[in-house]
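A.B. asks: Okay, predicted coordinates and the sequence, questions at the end:
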Amino acid sequence: MRIHDVVMTKSHLKDNVLKALKEEIQRGNDRIDIPSRASGSAKGLPFEEWAKKAIENYIKKKNLPIKIFLQEEFIREIVDKLKSKGHTLESIEKFLRDNTWWGLKDYFFSKKQLKAAIAGQNVEYQQSIADLVIFYGDDLIADANKIIAINVKSHELRKGEKSRHPNIISAKRLLEHFNDILDKNPKYLEDFELWFIGIYYEKKDLRACISQDRICLKDLFKLKVSKIPEINFDAAIQLQWHIKEMEEDPKQTKEKFIKDLAIEVQKRWEKFSKRRTSEFSDLVNGILEKLEEGKEVS
């Protein structure tokens, strides 16, 4: 029996991942140490490792035929498999670029990470569309596309603070990835999976305290694009949205999501650029008018 036959459906797997996270908290592992000087992307690392451990524990408990990796671990694992089959640096890169939905360009890994993995060196973490990777195929090479990319987001809850919507992912980078897939092989969309884990916590001393009701899991392709609160065109065209507030449509197709996202980004971009053009024109005209007035006085 094939592994993905056992897993049944991706929605079933999604349910299991959420259960894994909540059970980890129920077991008493509801405190996460935060390095005192951690900030930015580095601040998320303890949460990614915690989520991976929670899913690993659940996999063992339920004897699920799937594997969970940190992003850099997955790159090292698949490179080692390809190396064992006699692949060189060039042929490994060519295999990943030509045969996987996640290997196109540098959306998932960098050339630096790839070279380090091939050289047998430590593969360092680098931000990408995935922090964790679930592999649900039978053979890592033959089923290289049978993975689910998971992006882990953590957010501190502060009393009395109105929380702004955080950056989730670059809409521009997403659309570029979709465009490259449609150019390369539209069938890759069947395997393309990206989920978001949201971890909301209260900070006590240097520890993050979380509870079961502060964990959520959303599927990118099920999100209702029209409900996106903000697209930040000043910051890499970032989608800004609290994961806990994301709305999903279980029946939505990937094609509809991509189409809706492309149209929504364009619509909001035109509105943004029109406003900015008007603001800049007013600024420039104001400066020119004042300079002309200065000439008349002199």
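C.D. replies: Everything's here; your move.
A.B. asks: low pLDDT regions in the stretch 51-200 of the chain?
C.D. replies: For the stretch 51-200 of the chain, the stretches flagged by pLDDT under 70 are 160-161.
A.B. asks: wait, what's in contact with the residue nearest to Lys184 when sequence neighbours are not counted?
C.D. replies: Spatial nearest neighbour of Lys184, chain neighbours left out: Leu104 (6.2 Å); criterion: C-beta to C-beta, 6 or more residues apart in numbering. (Glycine included, C-beta is placed from N, CA and C.) Neighbouring residues of Leu104 by C-beta atoms under 8 Å, 6 or more residues apart in numbering: 97, 177, 180-181, 184.
A.B. asks: could you redo the last one with a cut-off of 10 Å?
C.D. replies: Leu104 makes contact with 96-98, 176-177, 180-181, 183-185, 188, according to C-beta atoms under 10 Å, 6 or more residues apart in numbering.
A.B. asks: Ok, Ala130 next?
C.D. replies: Taking C-beta under 10 Å, 6+ apart, one finds 48, 69-71, 74-75, 102, 107-109, 147-152, 193-195 in contact with Ala130.
A.B. asks: quick one, what contacts Ile243?
C.D. replies: Listed by C-beta under 10 Å, 6+ apart, the contact set of Ile243 reads 151-155, 165-166, 168, 195-200, 215-218, 223.
A.B. asks: Check the gap between it and Leu174 for me.
C.D. replies: For Ile243, the distance to Leu174 (C-beta to C-beta, to the nearest Å) stands at 16 Å.
A.B. asks: Going by residue numbers, what spans are helices in the stretch 51-200 of the chain?
C.D. replies: Applying DSSP state H, counting those that start in this stretch to the stretch 51-200 of the chain gives helices spanning 71-84, 89-99, 111-118, 171-184.
A.B. asks: So which of these has the densest surroundings on average?
C.D. replies: Burial of the helices of the stretch 51-200 of the chain is given as mean neighbour count (mean count of other C-beta atoms under 10 Å); helix 71-84 ranks first at a mean of 19.
A.B. asks: Alright, calling it a day.
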